[in-house]
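> What follows is a predicted protein model with its sequence.
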Amino acid sequence: MAETPELRASDADREQAAELLRRAAGDGRLTVDELDDRLAEAFGARTRAELELLVADVVPSGDGMPVGAPAASLPVLPGEGATKWLISIMSGHDRRGHWRVGPKVINFNFWGGSEIDFNDAVLSAQQTEIRIISIMGGAEVYVPEGLDVQVSQFALMGGNDVRLGRGRPVPGGPTVHLRLFSLMGGSDVKRGRKLTRKERRALKEQCRAERRLDRGERGDRD
């Protein structure tokens, strides 16, 4: 009887394993070089078993999320001192790491751009509205797995690129409403974190390897 093939890894599985490795490095369980090597392997992994092996010795038993489990959403902590404005006029603005997001945030880009990363952010309300207005400019927005993101958009002489995938939001979690307005510009919305150069190279190599494998399998059938 033929053996059951190993379950293939999805892009969400790879990103989740990468996040566990980054946390392990932040806790001192991996050196920077070890993290780089494992991230490259994670983004080049073809099966879930390979990913589970990469995180097995850095995730304590009962701690964190096993690969493939539903991702956690962002925490919600009501209070003052949250960000309400992000403005880029003929310049650039980056917002990443640990930061508090107000219930309503306006991001204005005029001849400039913003990079907004919500992966380590803390929300101050269960319902959050982000208005991104780009005139001859744009924004790059990164949202974590598990977060419910609702997008409405308008573009004139420009365009927006929204890639949120098919992942389901965490039940009962917060919702972020993104309102995109682009005039002669555009914004990108993506799941996960911005990949490093090494991670992008590893992902490209993994895609090339899969294409070569597919061509080989088709050749064998012919």
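The structure has been received and is ready for your questions.

> can you list the weak-confidence ranges in the chain?
1-5, 61-72, 199-200, 203, 206, 210, 214, 216-222 (pLDDT under 70).

> By residue count, which strand of it is the longest?
In the chain, assigned by DSSP state E, the strand with the most residues is strand 100-110.

> Can you report phi and psi for the most centrally placed residue in the chain?
The centroid of the chain falls nearest to residue 192 when counting by Cα atoms, centre = their mean (0.7 Å). Note on residue 192: backbone dihedrals following degrees, to the nearest 10 are phi 90, psi -170.

> give the contact list for it.
15, 119, 142, 144-145 (Cβ atoms under 8 Å, 6 or more residues apart in numbering). Yep, even glycine has a C-beta here, placed from its N, CA and C like the rest.

> So what's the residue count around the residue nearest to residue 148 when sequence neighbours are not counted?
Closest residue in space to residue 148, ignoring its immediate chain neighbours: residue 169 at 3.5 Å, by Cβ to Cβ, 6 or more residues apart in numbering. Applying other Cβ atoms under 10 Å, we find 18 residues neighbouring residue 169.

> re earlier: now the longest strand of the chain: buried residues?
Buried positions in strand 100-110, judged by neighbour count with 16 or more other Cβ atoms under 10 Å: 101-102, 105, 107-110.

> and what of stretch 139-157?
139-149, 151, 153, 155.

> where do the strands sit along the protein?
So, for the chain - with DSSP E - the strands run 83-89, 92-95, 100-110, 113-117, 122-123, 127-135, 138-143, 148-156, 161-163, 175-183, 186-191.

> got a markdown table for these, with distance to residue 34 too?
Formatted as a markdown table, the strands of the chain follow (distance: least, Cβ to Cβ, whole Å):
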| stretch | distance to residue 34 |
| --- | --- |
| strand 83-89 | 34 |
| strand 92-95 | 27 |
| strand 100-110 | 32 |
| strand 113-117 | 24 |
| strand 122-123 | 29 |
| strand 127-135 | 36 |
| strand 138-143 | 24 |
| strand 148-156 | 33 |
| strand 161-163 | 30 |
| strand 175-183 | 34 |
| strand 186-191 | 26 |
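
> Go through these and name the closest to residue 25.
Set against residue 25 and scored by Cβ to Cβ, those come closest in strand 113-117, at 17.6 Å.

> now what about that closest one, what contacts it?
By Cβ under 8 Å, 6+ apart, strand 113-117 touches 86, 88, 92-97, 107, 130, 132, 134, 137-142, 193-194.

> Give the partner strands of that strand in its sheet and their orientations.
Paired with strand 113-117 in the same sheet, following DSSP bridges, are strand 92-95 (parallel), strand 138-143 (parallel).

> and these as a markdown table, adding distance to residue 178?
Shown next, in a markdown table, are the strands paired with strand 113-117 (distance: least, Cβ to Cβ, whole Å):
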| stretch | distance to residue 178 |
| --- | --- |
| strand 92-95 | 14 |
| strand 138-143 | 7 |
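
> hang on, the earlier thing: contacts for the longest strand of the chain?
Contacts for strand 100-110 (Cβ under 8 Å, 6+ apart): 77, 79, 81-90, 114, 116, 118, 121-125, 127-139, 185.

> Return the member of the buried residues of strand 100-110 nearest to residue 42.
residue 101 (28.1 Å).

> Next one: the closest one from residue 116, what distance?
9 Å (Cβ to Cβ, to the nearest Å).

> How about residue 45?
For residue 45, the distance to residue 116 - Cβ to Cβ - is 29 Å.
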